[in-house]
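J.: Dropping a prediction and its sequence here:
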Amino acid sequence: EAQVTQNPRYLITVTGKKLTVTCSQNMNHEYMSWYRQDPGLGLRQIYYSMNVEVTDKGDVPEGYKVSRKEKRNFPLILESPSPNQTSLYFCASSFWGEPQHFGDGTRLSIL
Amino acid sequence: GNSVTQMEGPVTLSEEAFLTINCTYTATGYPSLFWYVQYPGEGLQLLLKATKADDKGSNKGFEATYRKETTSFHLEKGSVQVSDSAVYFCALSNTGRRALTFGSGTRLQVQP
């Protein structure tokens, strides 16, 4: 089954404790992206990757890092999480020019 | 920059009622337009899309027409069902980095 898989689905952690949210897709998509969803703001792009080893900032990149060492994986790293990063996060992927497929989301709570 | 404005919810309808969710956008050039749907606890699913002016996207009884003259992409369905209860997002894409610019979402509640 074609899918975008995120882990964990839920995480409660504390300020400053490094965390990684993994994202994996099995559709051989070259394009991958991370979004955060906040009430009243819709989804906003954090980082994106057009292919392996090619990443760039989206609209709200501060406090986040990403890497793209393999085509199928695109982890989101929070080196020193803060409470304002409490949000619902979505990973997405697609072929170039095609609509994006989304994962089921990761709900992060930073205390 | 790009922006998408959609009507605030929640929208509450009875089953078999007619649905319209308004969406207007601001963008340079010729964006592609999308409607995504998010069911509780799930990710976003593409509902329909339109890539150029006057295109009509349709899926599962939902329709939306790309109106460049009014910069609108309103979502319609003739007869909603309880199973249509979800949050609906209007979005556009026209940048090289293919970011989707989303509206804030409209929650639809359909009562039996």
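T.: In hand now; what should we look at? Residues are numbered from 1 along each chain as shown, chains lettered A, B, ... in the order given.

J.: need the contact list for residue 18.
T.: No chain in the question, so chain A it is. A:77-81 (C-beta atoms under 8 Å, 6 or more residues apart in numbering or on different chains). Every residue, glycine included, has its C-beta placed from N, CA and C.

J.: That was the other one, I meant chain B.
T.: Residue B:18 sits in contact with B:76-80, where contact means C-beta under 8 Å, 6+ apart.

J.: Filter the residues you listed down to just the buried residues.
T.: For the contacts of residue B:18, a neighbour count by 16 or more other C-beta atoms under 10 Å in any protein chain shown gives the buried set as B:77, B:80.

J.: State the distance from the residue in chain A positioned nearest to chain B to residue A:70.
T.: In chain A, no residue comes nearer to chain B than residue A:42, which is 3.4 Å away by C-beta to the nearest C-beta. Distance, residue A:42 to residue A:70, by C-beta to C-beta, to the nearest Å: 30 Å.

J.: So these two - more neighbours on which side?
T.: Ranked by neighbour count (other C-beta atoms under 10 Å in any protein chain shown), residue A:42 and residue A:70 place residue A:42 first, with 21 against 10.

J.: For chain A, what lies in contact range of chain B?
T.: A:4, A:31, A:33, A:35, A:40-45, A:48, A:50, A:56, A:58-59, A:90, A:92, A:94, A:96, A:99-105 (C-beta under 8 Å from any C-beta of the partner chain).

J.: give me that answer again for 6 Å
T.: By C-beta under 6 Å from any C-beta of the partner chain, the residues of chain A that approach chain B are A:40, A:42-43, A:45, A:48, A:58, A:90, A:99, A:102-105.

J.: what's the most distant pair in the residues you listed?
T.: A:40 and A:99 (24.3 Å; C-beta to C-beta).

J.: what about the two, which has more around it?
T.: Between residue A:40 and residue A:99, residue A:99 has the larger neighbour count (other C-beta under 10 Å), namely 18 against 7.

J.: what's the closest non-adjacent residue to the more buried one?
T.: Computed as C-beta to C-beta, 6 or more residues apart in numbering or on different chains, the closest residue to residue A:99 that is not its neighbour in sequence is residue B:46, at 4.7 Å.

J.: Please consider this matter closed, and thank you.
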